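>>> Predicted coordinates and the sequence they were generated for:
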Amino acid sequence: MSGFRFRYLAPVAIITLCLVTLCAVTALSLLREHAGIADVLRENLSSRRAAVELEECLQDLIALEDDHVEKVAVLHDRVRSHLRTMKSIADQPDEIRLYAELEEAYARYLGLWKALPPRRDPRHETARDEATRVLEGDVLKRCQEFKQYNVQRIEDSAESHERVLRQLAWGMAGVGGLGGVAGIVLGFGVARGVALSIRRLQVQVRDAAGKLGPAAPEIVVTGAGDFP
């Protein structure tokens, strides 16, 4: 009996252990990939939020300059603060390149703004319009490109996230299917083994019965009792 158990239960235990290991490895690998995608998504959301805030600040600055308001030092400080935030977040090569172009364009605008002639100077209006054109045509454009880059990365991360979820679903379905097939095969094998064992037992019992012989036991009748 112990040999029978080892013969048929050992393969069941081994295959079950293999399936559990495969399921665990699949789940861990997909969860690790999911965690990486989630980190990228959070980072891109932070970069996009910083770009949106900078874009709003630049639009306010452009509107004030179009209205001939030149006391905009507070907005300049806000722009520098947003730029520092974006610099600390940017880590991808394209993102770093876009930030460098944005910072360079803003430095060029700021140089033009600080070099404005006095208000009474006839060149003042032309110089201010030139600085505003750089702010709107270069700085704001680079900011929007930076934002669009992160929007695209967010969309790519969302697609990757959906792909990982599909892989996880198919992986679990595959492991479940393999488990079902393995259970059927092992069940059939165990049932067949049990049937063979019973058949062998029947043969052994019949062989033992044949060795007993057909002779019936002897019956002895005496005169004692009620028989005439």
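Received it, and whenever you're ready, just let me know what you need. Numbers count the residues shown, from 1 in each chain.
>>> Excluding residues flanking it in the chain, which one is nearest residue 61?
residue 75 (4.6 Å; Cβ to Cβ, 6 or more residues apart in numbering). Yep, even glycine has a C-beta here, placed from its N, CA and C like the rest.
>>> Quick check, that neighbour in contact with residue 62.
No: judged on Cβ atoms under 8 Å, residue 75 makes no contact with residue 62 at a distance of 9.8 Å.
>>> show me where this protein has helices.
Listed in chain order, the helices of the chain (DSSP state H) span 2-66, 73-89, 93-114, 124-134, 140-212.
>>> what's the average pLDDT for the third one?
To tie it back to what came earlier, the one meant is helix 93-114. For helix 93-114, the mean per-residue pLDDT is 91.
>>> buried ones in that helix?
Buried residues in helix 93-114, counted by 16 or more other Cβ atoms under 10 Å: 95, 98, 99, 101, 102, 103, 105, 106, 109, 110, 112, 113.
>>> what packs against it?
Applying 3 or more Cβ pairs under 8 Å, 6 or more residues apart in numbering; DSSP states H and E, we find helix 93-114 packed against helix 73-89, helix 124-134, helix 140-212.
>>> out of the buried residues of helix 93-114, which one sits closest to residue 87?
residue 99 (6.0 Å; Cβ to Cβ).
>>> and that closest one, what is it in contact with?
83, 86, 87, 90, 146 (Cβ atoms under 8 Å, 6 or more residues apart in numbering).
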